[in-house]
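K.L.:
generate a structure from the sequence data that follows.
(chains A and B)
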Amino acid sequence: MCLAIPALLVEKRPNDQALVELGGIRKPVSIALVPEANVGDYVIVHVGHAIGVLDPDEAQKTLAMFAEMQSRTAEVLS
Amino acid sequence: MKYIDEFRDGDLARHIAERIAAEVKPDHQYRFMEFCGGHTHAISRYGVLELLPPNVRMIHGPGCPVCVLPIGRVDLAIELALQHDVILCTYGDTMRVPASGGLSLTKAKARGGDIRMVYSAGDALQLARDNPEKQVVFFAIGFETTTPPTALVIRDAAHEGLKNFSVMCSHVLTPPAIRAILDGAEAHETAEIEGFVGPAHVSVVIGSDPYAKFAQEYKKPVVIAGFEPLDVLQAILMLVRQVNEGRTEVENEFTRAVTPQGNLNAQAVMDDVFELREAFEWRGLGTMPHSALQIREKYRAFDAEHRFGLGYRSVPDNKACECGAILRGVKEPRDCKIFGTVCTPENPIGSCMVSSEGACAAHYTYGRFRDAQPVTPCAASQLPPLSPAAGGGRHLRPGEAGSSVPLDGAPAVLES
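P.N.:
The predicted structure follows:
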């Protein structure tokens, strides 16, 4: 029920509406809850509304943490 | 797809699992609850359990809005559709929740009720605009993730002065449910838990701050995690570390989407439209004070309960159904006598079998074969060799002489 997916904001439209793209599919959503979102941002879409904006730097940090763990595990095993 | 595929990488998952295995204390039993149905689903679908050491146990929580929706609320929605001649709109998950008298919204639709599944609260509002001669009611369920969109449509309807739109608000709140689980654990009514995998998208809206009291008052670590398998594994590793080091903090694995304060715009819209409901009945957890929302006085005209004079009546669950105990974390789906036999996703008796994130539906879809006794090559080699008389090397058909499966036998029941 709380499932939501990150989608790329490709166009802002009047009345807090926007067009997002996900895997080649474009869909209109409301950005009334994230008025700060801009074209090029990834927004988290839930029941036709963007409820949050993804922070690309934080996403990168989390992925880097996973990668670091991978190299550490490799060291321990070698 | 960006921000999804990277967080489902199987190699990385195995590396995180190796870290967990390396860091757990072998003599300690770790018991964590994943609060959200979204996490339950991810754990089942991606086989996260198989990657965990045997002394790390995950307990499913009550964070599935469909699962905690009591029969009495669905009865009200059916009453609206069948007796008040409204167009009743709701999210797809709600349609099959069992109600009184063997009904569900799907079955009430078959009886002639104008019941429509919508993707968004905005679709319900549009139906009201398109059908000015009919009353349109949106049966709104969900946790804090789903609440702000409902608040927005109520506000839009008020701006437009729509006279034929109202909402039956059944929105519930996450922190009171976590508190109920923790209080219940102290009273030995719910499962004992050492820490929580905290909500993903609920936390996008409410932030990570509201969980601080659980870490402080109840001394339980909380790690907020995204719904992808790597997020869940990483959160479990972080919980293991907190337990090992004796820390009880709120940590955030899902920093790419969750901030300490959450989405302040969404919170402002919710606060404008909703207020705390005095008490609300949850399936499994009982009636809890201040655990749900109702529409504020100034938007009363859009409150379906007020407009149609609906009165709530509590209805007990099916006696054979163990949803209540499963939602409190004291039983597992396999402990339920009717799991997988009478109660299946096609014919759900209890609500946990309805939504794909319900503990029973997730276990039925992805986990039930793990419980069945596998025939291993080792066990097979211990069987006496087949004599030519007993089938000539070909497989026996059910009912055939020499077969252990009777022809008229009931289909194999995987659970007992």
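
K.L.:
contacts and neighbour counts: CA atoms only from here.
P.N.:
Fine.

K.L.:
residue A:71: neighbour count?
P.N.:
Neighbour count of residue A:71, defined by other C-alpha atoms under 10 Å in any protein chain shown: 12.

K.L.:
what about it, which helix or strand?
P.N.:
Taking DSSP states H and E as the criterion, residue A:71 maps to helix A:56-77.

K.L.:
packing partners of that helix?
P.N.:
Packed against helix A:56-77 by the contact rule (3 or more C-alpha pairs under 8 Å, 6 or more residues apart in numbering or on different chains; DSSP states H and E) you find helix B:10-23.

K.L.:
what are the contacting residues of the helix or strand of chain A with the lowest mean pLDDT?
P.N.:
Ranked by mean pLDDT, DSSP states H and E, the weakest helix or strand in chain A is helix A:56-77, scoring a mean of 82. Among residues not part of helix A:56-77, those counted as contacts by C-alpha atoms under 8 Å, 6 or more residues apart in numbering or on different chains are B:3, B:6, B:7, B:12, B:15, B:16, B:18, B:19, B:253, B:255, B:256.

K.L.:
tell me the buried residues in it?
P.N.:
Neighbour-count burial for helix A:56-77, counted by 16 or more other C-alpha atoms under 10 Å in any protein chain shown, picks out A:58, A:59, A:62, A:63, A:66, A:69, A:70, A:73.

K.L.:
how is chain B carved up into domains?
P.N.:
Chain B is divided into the following domains under automatic domain parsing: B:5-65+B:184-252, B:67-173+B:263-307, B:323-368.

K.L.:
how about the residues of chain A near chain B?
P.N.:
For chain A, the residues in contact with chain B (C-alpha under 8 Å from any C-alpha of the partner chain) are A:1-4, A:6, A:22-23, A:33-34, A:46-49, A:51-59, A:62-63, A:66-67, A:69-70, A:73.

K.L.:
quick one: is stretch B:44-61 near chain A?
P.N.:
No: shown here: stretch B:44-61 not in contact with chain A (C-alpha under 8 Å from any C-alpha), separated by at least 13.9 Å.

K.L.:
contacts for that stretch?
P.N.:
Contacts of stretch B:44-61 (C-alpha under 8 Å, 6+ apart): B:14, B:17, B:20-21, B:26, B:28-37, B:40, B:42-43, B:229, B:233, B:326-329, B:359, B:362-363, B:366-367.

K.L.:
before we move on, what about stretch B:166-177?
P.N.:
By C-alpha under 8 Å, 6+ apart, the list of residues contacting stretch B:166-177 reads B:62-63, B:65, B:73, B:77, B:135-144, B:147, B:154, B:202, B:210-211, B:285, B:288, B:290-295, B:301-305, B:307.

K.L.:
for the chain, give me the ranges with low pLDDT.
P.N.:
All of this refers to chain A. By pLDDT under 70, the weakly predicted segments of chain A are A:73-74, A:76-78.

K.L.:
nope, chain B please
P.N.:
B:372-416.

K.L.:
now the longest helix along it: buried residues?
P.N.:
Secondary structure of chain B per DSSP state H: the longest helix is helix B:229-245. Neighbour counts over helix B:229-245 (16+ other C-alpha under 10 Å) mark B:229-240, B:242-243 as buried.

K.L.:
ditto for stretch B:116-130
P.N.:
Per 16+ other C-alpha under 10 Å, stretch B:116-130 contains these buried residues: B:116, B:117, B:118, B:120, B:121, B:122, B:123, B:124, B:125, B:127, B:128, B:129.

K.L.:
show me those that map onto helices.
P.N.:
Here DSSP H is the test, and those give B:121, B:122, B:123, B:124, B:125, B:127, B:128, B:129 as lying in helices.

K.L.:
how far away is the residue of the stretch 201-350 of chain B found nearest chain A from residue B:203?
P.N.:
Evaluated by C-alpha to the nearest C-alpha, the stretch 201-350 of chain B has residue B:256 as its residue closest to chain A, separated by 4.7 Å. Residue B:256 is 12 Å from residue B:203, where distance means C-alpha to C-alpha, to the nearest Å.

K.L.:
more neighbours: which of those two?
P.N.:
Neighbours per residue (other C-alpha under 10 Å) separate residue B:256 from residue B:203, with residue B:203 holding more: 28 against 21.

K.L.:
next SSE after the host helix or strand of that one?
P.N.:
Under the criterion of DSSP H and E, residue B:203 resides in helix B:201-206. Once helix B:201-206 ends, the next helix or strand along the chain (criterion: DSSP H and E) is helix B:212-217.

K.L.:
which stretches in the stretch 201-350 of chain B count as strands?
P.N.:
Assigned by DSSP state E, counting those that start in this stretch, the stretch 201-350 of chain B shows strands spanning B:222-224, B:250-252, B:274-276, B:279-282, B:286-289, B:293-295.

K.L.:
ok but residue B:34 is inside a strand, no?
P.N.:
Yes: counting by DSSP: H, G, I helix; E, B strand; the rest coil, residue B:34 is part of a strand.

K.L.:
please report the distance of it from residue B:289.
P.N.:
Using C-alpha to C-alpha, residue B:34 is found at 23 Å from residue B:289.

K.L.:
and the two? which has more neighbours close in?
P.N.:
residue B:34 (27 against 13).

K.L.:
beta partners of that one?
P.N.:
Note on residue B:34: beta-bridge partners residue B:60, residue B:197, judged by DSSP bridges.

K.L.:
that one contacts residue B:42, correct?
P.N.:
No: the criterion here is C-alpha atoms under 8 Å, and residue B:34 misses it with residue B:42 at 10.4 Å.

K.L.:
now, which of the contacts of helix A:56-77 sits nearest chain A?
P.N.:
Among the contacts of helix A:56-77, residue B:256 lies closest to chain A (C-alpha to the nearest C-alpha), at 4.7 Å.

K.L.:
that closest one contacts residue A:43, correct?
P.N.:
No: under the criterion of C-alpha under 8 Å, residue B:256 is not in contact with residue A:43, lying 10.9 Å apart.

K.L.:
need the overlap of contacts for these two.
P.N.:
Listed as contacting both residue B:256 and residue A:43 by C-alpha under 8 Å, 6+ apart are residue A:54.

K.L.:
with adjacent residues omitted, what lies nearest to the residue of the stretch 101-250 of chain B at minimum distance from chain A?
P.N.:
Nearest to chain A, among the residues of the stretch 101-250 of chain B, is residue B:120, at 4.8 Å (C-alpha to the nearest C-alpha). Spatial nearest neighbour of residue B:120, excluding adjacent residues (C-alpha to C-alpha, 6 or more residues apart in numbering or on different chains): residue A:47 at 4.8 Å.

K.L.:
what of residue A:49?
P.N.:
Spatial nearest neighbour of residue A:49, chain neighbours left out: residue A:30 (4.7 Å); criterion: C-alpha to C-alpha, 6+ apart.

K.L.:
can you give me the helices for the stretch 1-150 of chain B?
P.N.:
For the stretch 1-150 of chain B, helices defined by DSSP state H, counting those that start in this stretch occupy the ranges B:10-23, B:37-45, B:48-51, B:65-68, B:71-83, B:105-110, B:121-130, B:147-160.

K.L.:
from the ones you listed, which stretch is densest packed?
P.N.:
Burial of these is given as mean neighbour count (mean count of other C-alpha atoms under 10 Å in any protein chain shown); helix B:65-68 ranks first at a mean of 27.

K.L.:
so that one, near chain A or not?
P.N.:
Yes: counting by C-alpha under 8 Å from any C-alpha, chain A is contacted by helix B:65-68 at B:65, B:66.

K.L.:
quick one, what contacts residue B:90?
P.N.:
B:115, B:116, B:117, B:118, B:138, B:139, B:140.
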